[in-house]
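Undergrad: Let me see the structure of the following:
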Amino acid sequence: RYTLQIRLEQPNPRFVYTLALALPLGAVAREVVEAYGDQIMAHPIGTGPFRLGQWTRTSRIVLERNPTYREETYEFDVADTSPTLARDITRLRGRRVPLVDRVEVAIIQEAQPRWLSFEQGALDHLQVPIEYGTLVAPNGKLAPNLARRGVRLDVTAMADLAMSYFNMEHPLVGGYSAEKVALRRAVSLGFNAADYIKQVFKGNGVAAQSPIVPGTFGYDPHWHSGMSEYNPAKAKALLDTYGYLDRDGDGWREQPDGSAMVLEKASSPSEVDRRQNEQWRRYMTAIGLKMEFRVAQWPELLKQSLAGTLMMWNFAWQANEPDSELFFSLAYGPNIGSANDARFVFAPYDRLYERQRVLPDGPERLGAMRDASRILVAYMPYKFHLHRIQQDLAQPWLLGYRRHPFTTRQWAYLDVDTDALARTRV
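TA: Residues are numbered from 1 along each chain as shown. As a prediction, the model looks like this:
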């Protein structure tokens with residue numbers, strides 16, 4: 001009845017990735033939109049393997065098999081995998097997808113109840129909370145008590161980027177003058193990425209060098225841009241050179257005009273953010289910069305960030321395709337008010353972003369991406385922290401689990417060994 005037509009205004013070599021994403025191209029009939037209006041998110045319409053059976057906000061989601069789902073069979077061949085997963089793949093191959101009739105998702109916001117639910121066997125899968133990383137895998141290996149129970153550990157280098165931004169329109173940390181750039185560069189040089197990963201993320205991360213994330217075109221773990229350089233002596237020298245001095249001897253530096261200076265970083269009240277704040281304060285104190293925190297719930301901070309009223313804030317973005325254009329878009333001038341939280345406007349960067357966008361993958365595109373990365377190091381609108389490493393646990397009766405680097409919609413390809421589950425209940 002309907003035909004969806006798409007006309008591109010310019011070359012887009014990676015448009016096929018966009019077609020594979022449900023978010024921008026989950027097209028539905030006009031009648032559906034007109035019928036549900038503002039409540040359309042509570043009434044998903046689609047052709048996927050599951051349909052929504054129940055949704056209790058902030059508590060529970062139940063997915064049920066879609067009886068009209070297309071004919072699809074389980075066909076995977078993963079070469080780089082464990083013997084256990086290889087056996088699962090062999091066992092499941094040829095089965096009709098989805099493999100299970102029902103998926104129950106428990107939304108448990110606090111880390112301890114989530115962990116206890118998995119420990120007690122109430123959850124089949126657990127995305128390990130940061131706080132439990134060393135408990136689950138001391139020295140990088142699955143804890144003996146979990147291994148004896150047959151629990152499986154899956155470790156994935158995430159295609160993501162955790163970062164902080166400086167509001168380039170803020171009178172203290174924003175601007176493009178030499179002294180403003182020096183302040184942001186000094187903050188970056190005073191930030192100890194290796195220690196931050198150890199203290200906050202329990203070692204589960206890799207220091208970030210650029211917007212190019214693991215698993216995407218151009219990522220090279222051996223390429224260094226200067227983004228992760230830790231050099232507090234150089235940070236202090238920069239601040240001294242550009243007039244950020246402690247004139248009254250109270251231990252805190254003032255602005256070049258002598259007025260007081262306090263860095264204010266937005267933060268949610270979560271335990272992880274609290275640990276992040278502790279490290280940030282420690283790093284900044286070491287170079288003579290006073291830092292305070294504006295604490296609010298995440299949705300409120302997002303609203304303030306889009307309005308440009310925050311000085312600094314930290315968050316993470318996750319790639320949903322094997323390409324990092326998304327992360328470069330965070331500093332693209334026309335994206336202010338949407339993705340460009342730093343409100344960075346710099347014509348040479350915008351030209352490089354637009355150029356790499358239309359180029360096919362290859363040396364020319366990679367060169368443009370690295371040149372753009374160097375601009376971000378030079379002007380420092382964003383301080384890139386790390387690419388996270390995610391640990392997942394699967395109970396011995398959960399078959400076929402391995403985290404996908406770009407999507408979490410893998411429930412259709414998992415199964416439960418009911419015999420193994422029954423043995424644990426005896």
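Undergrad: Can you report how many residues neighbour the closest residue to N335 other than its chain neighbours?
TA: Closest residue in space to N335, ignoring its immediate chain neighbours: S329 at 5.7 Å, by CB to CB, 6 or more residues apart in numbering. Where you see a C-beta, it was placed from the backbone N, CA and C, and this is true even at glycine. Residues within reach of S329, counting by other CB atoms under 10 Å, total 17.
Undergrad: check contacts around S329.
TA: S329 makes contact with 335, 339-340, 353 under the criterion CB atoms under 8 Å, 6 or more residues apart in numbering.
Undergrad: Same list, those, but as a markdown table with neighbour count, distance to P49 and secondary structure please.
TA: Below are those laid out as a markdown table (neighbours: other CB atoms under 10 Å; distance: CB to CB, whole Å; DSSP: H, G, I helix; E, B strand; the rest coil):
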| residue | neighbour count | distance to P49 | secondary structure |
| --- | --- | --- | --- |
| N335 | 17 | 34 | helix |
| A339 | 17 | 31 | coil |
| N340 | 21 | 36 | coil |
| Y353 | 22 | 36 | helix |
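Undergrad: May I ask you to confirm that the residue nearest to N335 belongs to a strand?
TA: No. Counting by DSSP: H, G, I helix; E, B strand; the rest coil, one finds S329 to be helix, located in no strand.
Undergrad: still on that earlier bit, so which of the contacts of S329 would you say is closest to G174?
TA: N340 (13.0 Å; CB to CB).
Undergrad: Can you report phi and psi for the closest one?
TA: Note on N340: backbone dihedrals following degrees, to the nearest 10 are phi -90, psi 80.
Undergrad: got it, and the one 5 residues further on?
TA: Geometry field for V345 lists phi and psi as phi -130, psi 110, criterion degrees, to the nearest 10.
Undergrad: quick one: the spatially closest residue to it that is not a sequence neighbour from P98, how far?
TA: Nearest non-adjacent residue to V345, counting by CB to CB, 6+ apart: G333, 4.3 Å away. Distance of G333 to P98, given as CB to CB, to the nearest Å: 44 Å.
Undergrad: Would you list the phi and psi of N167?
TA: phi -70, psi 110.
Undergrad: What about it, how many residues nearby?
TA: Based on other CB under 10 Å, the number of other residues close to N167 is 22.
Undergrad: quick one: contacts for it?
TA: 173-174, 308, 310-312, 341-343.
Undergrad: Try it again at 7 Å.
TA: By CB atoms under 7 Å, 6 or more residues apart in numbering, the contact list for N167 reads 173-174, 308, 310-311, 342-343.
Undergrad: Mind putting these into JSON lines with secondary structure, distance to L359 and pLDDT?
TA: Converted to JSON lines, the contacts of N167 look like this (DSSP: H, G, I helix; E, B strand; the rest coil; distance: CB to CB, whole Å; pLDDT from 0 to 100):
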{"residue": "V173", "secondary structure": "coil", "distance to L359": "33", "pLDDT": "99"}
{"residue": "G174", "secondary structure": "coil", "distance to L359": "31", "pLDDT": "98"}
{"residue": "G308", "secondary structure": "coil", "distance to L359": "31", "pLDDT": "97"}
{"residue": "L310", "secondary structure": "coil", "distance to L359": "34", "pLDDT": "98"}
{"residue": "M311", "secondary structure": "coil", "distance to L359": "35", "pLDDT": "99"}
{"residue": "A342", "secondary structure": "coil", "distance to L359": "24", "pLDDT": "99"}
{"residue": "R343", "secondary structure": "coil", "distance to L359": "27", "pLDDT": "99"}
